[in-house]
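For reference, the sequence and a predicted model appear below.
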Amino acid sequence: MFNASLACHPATTDLMPVLSHSPIGQESAWRSLVQGAGTSHGAVPLSRWTRRAGAPCEVAHPGNDAHHCIAMSLKSTSLTFTHGSRVLVEGRVTAGAVQVTAPRVAVRAAFDAPSDVLHLYASQAVLAECYEDLFGHAHAGDIVLGDPRLVQDAALDRLAQALAVAQTQDGGAGRIFTDSVSMAIVSRLVARHFQQAAPKGRNMTALPAWRLRRATDYIDAHLSEAIGLADIADSAGLTRMHFAAQFRLATGLRPHEYLLRRRIERAQALLGATGQTMLDVALSCGFRSQSHFTTVFKRFVGETPYNWKIKSGLERKAA
């Protein structure tokens, strides 16, 4: 994917601090898809463009060949934005503004203030999946979200902020969380585009026991790996959208939360029964690092893995 930027390359000091191994990549050039960001099976790649500097800058992009680019403003800024040959914005853009650029449409922006924007890249496969889930049948032909005008939508703003917070503050938020939120964003935009809500008469039921067993067996068999929402949904024979809602009805937990709980349970078993180091336990349970493991473990158990291991060892001796 070719990209171009003019007189505006954010220095490292201009970038917002992010957690290591975040599923959201940090862009070095405007609307450039970060290598490895969101590239799991069926994922919506996403990255973040951040400038703290207030000096004016100009950027441009010739358009993605196969993806819609969904730009979600995380903070207010001031710019001139040109879509194709048409100037869409000249002045202030408020936080929460969303703009969608269809494939192969060239865009330019001249920023006059600091900016912070999430970019999601929706493929035809993702758009088609959202459409079928919303309306109960496949769409004939490609879906083109052709209206480039900025929109304000409170639900989209909350979803974008959730992704931003997870990137910078939540060490437990992984691919399943970002996959789920990204799909919710795309689904809402598809629903808005076709100017109708999802069918109201369709009652969602809990995941059948046999599908739930296939999903949980898949999770247990792949705890040490990077698991995406699409991977688990595939194991149960469902789309991501149907699976996430039905899984929650069946278990009371989101798939992401269930996965983390199973990883912590596996870690407790290993800490209590083996001589593995903390790092070995962390990696064998699918955590990216020992610090990530400690953060999530403390959130679920209430204390660090080391303290829990010492206390559980003393309790066994006392028994």
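Perfect, I can see it now.

For stretch 222-237, C-alpha coordinates in PDB please.
Presented in PDB, the C-alpha positions along stretch 222-237 are these (Å, rounded to 0.1, in the frame of the first residue of the first chain):
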ATOM      1  CA  HIS A 222      -4.500 -22.600  22.400                       C
ATOM      2  CA  LEU A 223      -4.000 -20.700  25.700                       C
ATOM      3  CA  SER A 224      -0.300 -20.200  24.900                       C
ATOM      4  CA  GLU A 225      -1.000 -18.600  21.500                       C
ATOM      5  CA  ALA A 226      -2.300 -15.200  20.300                       C
ATOM      6  CA  ILE A 227      -6.000 -16.000  19.900                       C
ATOM      7  CA  GLY A 228      -8.300 -13.700  18.000                       C
ATOM      8  CA  LEU A 229     -12.100 -13.400  18.200                       C
ATOM      9  CA  ALA A 230     -12.500 -14.700  14.700                       C
ATOM     10  CA  ASP A 231     -10.400 -17.900  15.600                       C
ATOM     11  CA  ILE A 232     -12.700 -18.800  18.500                       C
ATOM     12  CA  ALA A 233     -15.900 -18.000  16.500                       C
ATOM     13  CA  ASP A 234     -14.700 -20.200  13.700                       C
ATOM     14  CA  SER A 235     -14.200 -23.100  16.100                       C
ATOM     15  CA  ALA A 236     -17.900 -22.800  17.000                       C
ATOM     16  CA  GLY A 237     -19.000 -22.400  13.400                       C
END
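
contacts for it?
Contacting residues not belonging to stretch 222-237 are listed as 40-43, 174-176, 179-180, 183, 207, 211-212, 214-215, 217-219, 239-240, 242-244, 247, 255-256, 259, 262-263, 266, 283-286 [C-beta atoms under 8 Å, 6 or more residues apart in numbering]. All C-beta spots, glycine's among them, are computed from the backbone N, C-alpha and C.

Could you list the low-pLDDT ranges of the stretch 201-319 of the chain?
201-203, 314-319 (pLDDT under 70).

those helices in it, which residues are they?
Listed in chain order, the helices of the stretch 201-319 of the chain (DSSP state H, counting those that start in this stretch) span 209-221, 229-236, 240-251, 255-273, 278-284, 290-301, 305-318.

Which one of those lies nearest to Gly141?
helix 240-251 (20.7 Å; C-beta to C-beta).

now that closest one: how far from the chain's centre is it?
When C-alpha coordinates are averaged (C-alpha atoms, centre = their mean, to the nearest Å), helix 240-251 and its chain have centres 17 Å apart.

From the chain's centroid, how far away is the strand or helix carrying Thr50?
Element membership for Thr50 (DSSP states H and E) is strand 46-51. Here strand 46-51 is found 13 Å from its chain centre; the criterion is C-alpha atoms, centre = their mean.

Could I get the buried residue list for the following helix or strand past that strand?
Once strand 46-51 ends, the next helix or strand along the chain (criterion: DSSP H and E) is strand 57-61. For strand 57-61, burial by neighbour count (16 or more other C-beta atoms under 10 Å) applies to 57, 59-61.

Give the other helices and strands that strand 57-61 contacts.
In terms of contacts (3 or more C-beta pairs under 8 Å, 6 or more residues apart in numbering; DSSP states H and E), strand 57-61 is packed against strand 4-6, strand 107-111.

Check the gap between Gln124 and Ile143 for me.
Plainly put, Gln124 is 7 Å away from Ile143 if you go by C-beta to C-beta, to the nearest Å.

what's the answer for Val165, then?
To Ile143, Val165 is 30 Å away according to C-beta to C-beta.
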